[in-house]
Every structure is written in C-alpha cells, then in structure tokens.
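Colleague: Any chance you could fold what I've pasted below:
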Amino acid sequence: MPRRRWFPALCLCLLALSATAPAQADKPRARDLGIPFNGTPGHYDAITDVAGVTVGFSTIIADLPNGKAVRTGVTAILPRGRDTVDHPVFAGMFSLNGNGEMTGSHWVEESGFLEGPVMLTNSHSVGVVHDATIAYRVRQGKPDASGYWWSLPVVAETWDGDLNDINGFHVTAEHVTQAIDSARNGPVAEGNVGGGTGMVCHEFKCGTGTSSRIATIDNHDYTVGALVQANYGIRSELRIAGVPVGKFLTGDLPGSISKDDGSIIIVLATDAPLLPQQLKRLARRATMGLARNGSYSGNGSGDLFIAFSTANAEAGETTMATHLSMLGNDQLDPLFLATADAVEEAVINAMIAAETMTGNDGYRVVAIDHEALRGLLKRYGRLLPTEQNP
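Modeller: Numbers count the residues shown, from 1 in each chain. Down below sits the predicted model:
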C-alpha cells in the first residue's frame, strides 16, 4: 500500500479552502448564460433550499515536487444541519452502475434510515473519511443505550486520479472535520470545490453542482434538491438543453479518456413526507436527469444515488410508537419530475462553474467555453435572454 508522502514544501504550497456558502460571486451558473431548464427552482436553486440541509467543503490544492499535484477534497451534506447526529432521516438509495463505493448503503437499504451526514471524496480516501466521520460522531453525539457510539457513515467517491495524486493519500481527518464544521445553508459553491475539485465530466472540467425544484401536490409546495459530484461521460454524447453540443465542441480533449469510465454521486433531499421505499423510487429518477445530459452509464462507471426526506422528524425515536405522515404513491409524479429536472441542471451547473485545471504530471482539463456554448444554443433556438445579453 503506498505510503503517504510528506514534503517540506507542503506547508508552503498547500491551500486548504473552506468553500462553503456563499457561492463565489464571480462564477456564473447555467441560468446566467441563458441555458433553459424546465421547472421552478427554489430560492437558491440548491439542495439547501430544503430547510435544514447544510453543505460544507474542504478543498485541497497543492503543487508538490516531481510533478505531483494535489487536486482533491471533501464535501459534507448534513440532512438536519447540527441536529443530524441525533435525528436520523428516512432514506433510500439506488445503484445505476456499481463500479463505485458508497459505504453504509447496506444499512440504509436495510433500515430505511440515514443516520449522519453524506460525505463525498475521491476513490482512495474513502477509508480516512469514513474513520474521521465516526470520530466526529463520537465527539458530537451521545452514546446509545449500550454505552457505545455506533455508526456506519455514508461515504461515497468518484475518481480524480488524473488531476490528483490520488495515491499520495492527501485527505486527512482534519479535512473531514473542516468540511463538516463549515457546513452552512444558503448558496452552495460549485465547480472545483470539495470532493469535486479534481473531477471531470464529458471530458470537460467539472466537479460539484447543485439545483432544486418546487413540486406542487394538492396545493402544497414541496422542494426537491440535488447535489452532484460529477465525473462521468464522454464528449461526443454531451447534450445541454437538448442540444448535442459534444458533437461540436471537440477541441482540447484530455488524452486518457476514451470511454465512460467515470462516475457520479447524486444526493437528493426533499421535505416531502416520503417513506424509505418511496425515497428509493425518487433516487431511481435521478437517472432521467443524468440521461438528458448524455450519460449511458458505461461499464466502468460508478453511478450511485441516495435520497432522503427531512419530514417525519420523530421517525428515529426508539422508545415510543411514532405516527408518520406520507404521500400516496399516486401523488409522487411531480416529485419524480422535479428530481429529473434538478439533476439535469445540477450537472450543468457543475460544468459551467468549473475552471480549467492543470494537475498531476501536467495533466490538463479545460473548462467548457461559455461563449461557444451560448453560440451553439442560439443556433438551435435554445438560448434565453440574460441581463448581460438581452
């Protein structure tokens, strides 16, 4: 097993950022460019539009000797903010293609509960993030009736080993704590942040993205929010707002990608009162938004999705009978549609916010050209007016 590498210059060139809310003001989002999407977003157009949900990041960027580079990080999604440790949420998960890791998923499947944060990182840092999340639980929570702090954290990953020195094991317990402690509501940073720092999708620089939708059921508004760590897809299949932009934007392809061997983690949150089996159904609908952008979920791709509901706050009570609320299955269609819409936009937001990055051994991945993209959308009649470009 490779040993962690320590360099004297590391303390001088390591930059660990806490890029939580607010989102960077100088980074446009997809809607800012005039890209049209269906549905009505929430106030922030982010997963944090679901009340109580908070998101935090630790972003690690460093240039090391011998051409090595660190381009990675950790993302934390807390379903109930600071109350997450003591108040679990109903949850369900779905594996579209299983060439990836989401720890704790078997217990989510068995119990129907998510009992802590959802943590996202790179493929070879799952272990340290898993252990550090348990340690955080021990420090923050009360022991259970047996006197033990018992935890099976949900930690999911995508591969950043082209841009990042992934076998240098640069993610530490301190980065995990930073991501959790920095979690906030409000706007969410996107692109090259947190676990998404070194990620690539459709052979463009990509990373972290988020979006939300309002779904109206029987005159009541519910919110569905999505956060993605996008690292999947090939250029030729990329579609944005229905336009086959990947057929036209063919320049500056990174050298090592020839098929869909990447991955994507999708985290869905809702305030709709759904039971675990219904949340599993919601997680499946993430596939619809992903397919709109041109994913075919290749053999080498790890496409793992988890959905949770912040409703039924007392569902985790173990000492008394609990009365639950739920929507009927016949009422779920607006939530299914909201999920597909939010996932589609979250991926494109990740791509639009990302910036060109050069990383490990000089490997370089370019960001999508905003003006070239706008030109293609305009040619196809799919460009909306913006304040800057009426």
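Colleague: what's near enough to touch the closest residue to L332 other than its chain neighbours?
Modeller: Among residues not flanking L332 along the chain, Q278 sits closest, at 6.5 Å (Cβ to Cβ, 6 or more residues apart in numbering). (C-beta placed from N, C-alpha, C; glycine too.) Contacts for Q278 (Cβ atoms under 8 Å, 6 or more residues apart in numbering) come out as 92, 326-327, 329, 332.
Colleague: Format those residues as CSV; extra columns: pLDDT.
Modeller: Formatted as CSV, the contacts of Q278 follow (pLDDT from 0 to 100):
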residue, pLDDT
G92, 98
M326, 97
L327, 98
N329, 98
L332, 98
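Colleague: By neighbours, which of the residues you listed wins?
Modeller: G92 (25 neighbours; other Cβ atoms under 10 Å).
Colleague: surely it meets T270?
Modeller: No: here G92 lies out of contact with T270, judged by Cβ atoms under 8 Å, at a distance of 11.1 Å.
Colleague: and for the two, which residues touch both?
Modeller: With Cβ under 8 Å, 6+ apart as the test, G92 and T270 both reach 279, 282, 307-308.
Colleague: And those, which two are furthest apart?
Modeller: Distance extremes for those: the farthest pair is L282 and F308 at 9.3 Å, using Cβ to Cβ.
Colleague: Quick check: F57 touching I180?
Modeller: No: using Cβ under 8 Å, F57 is not in contact with I180; the gap is 10.2 Å.
Colleague: lowest-confidence helix or strand of this protein?
Modeller: helix 10-13 (a mean of 38; mean pLDDT, DSSP states H and E).
Colleague: Quick check: neighbours of the lengthiest strand in the chain in the sheet, parallel or antiparallel?
Modeller: In the chain, ranked by residue count with DSSP state E as the criterion, the top strand is strand 220-231. Strand pairing for strand 220-231, determined by DSSP bridges: strand 208-217 (antiparallel), strand 263-270 (antiparallel).
Colleague: Could you give me the buried positions within that strand?
Modeller: For strand 220-231, burial by neighbour count (16 or more other Cβ atoms under 10 Å) applies to 222-231.
Colleague: wait, doesn't L337 sit right on I217?
Modeller: No: in this structure, L337 is not within contact of I217 by Cβ under 8 Å, at 11.2 Å.
Colleague: which of those two has more neighbours?
Modeller: L337 (18 against 15).
Colleague: next one: the helix or strand containing that one to chain centre, how far?
Modeller: Assigned by DSSP states H and E, L337 belongs to helix 333-353. Helix 333-353 has its C-alpha centroid displaced from the chain centroid by 11 Å (Cα atoms, centre = their mean, to the nearest Å).
Colleague: So which elements touch the helix or strand following that helix?
Modeller: Going down the chain from helix 333-353, the next helix or strand is strand 357-358, by DSSP H and E. Judged by 3 or more Cβ pairs under 8 Å, 6 or more residues apart in numbering; DSSP states H and E, strand 357-358 is in contact with strand 364-365.
Colleague: Tell me the strands beside the strand it packs on, with direction?
Modeller: strand 357-358 (antiparallel).
Colleague: quick one: average confidence on the strand it pairs with?
Modeller: The average of the pLDDT scores along strand 357-358 is 98.
Colleague: Render the CA-only coordinates of the longest strand of the chain in CSV, please.
Modeller: Only the C-alpha atoms of strand 220-231 are listed here, as CSV (Å, rounded to 0.1, in the frame of the first residue of the first chain):
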residue,chain,number,x,y,z
HIS,A,220,-48.9,22.3,-1.2
ASP,A,221,-45.3,23.1,-2.3
TYR,A,222,-42.5,20.6,-1.7
THR,A,223,-38.9,21.1,-2.5
VAL,A,224,-36.5,18.6,-4.1
GLY,A,225,-32.8,19.4,-4.1
ALA,A,226,-29.9,17.7,-5.8
LEU,A,227,-26.2,17.8,-5.3
VAL,A,228,-23.9,16.0,-7.7
GLN,A,229,-20.2,15.1,-7.7
ALA,A,230,-19.9,14.7,-11.5
ASN,A,231,-17.1,12.7,-13.0
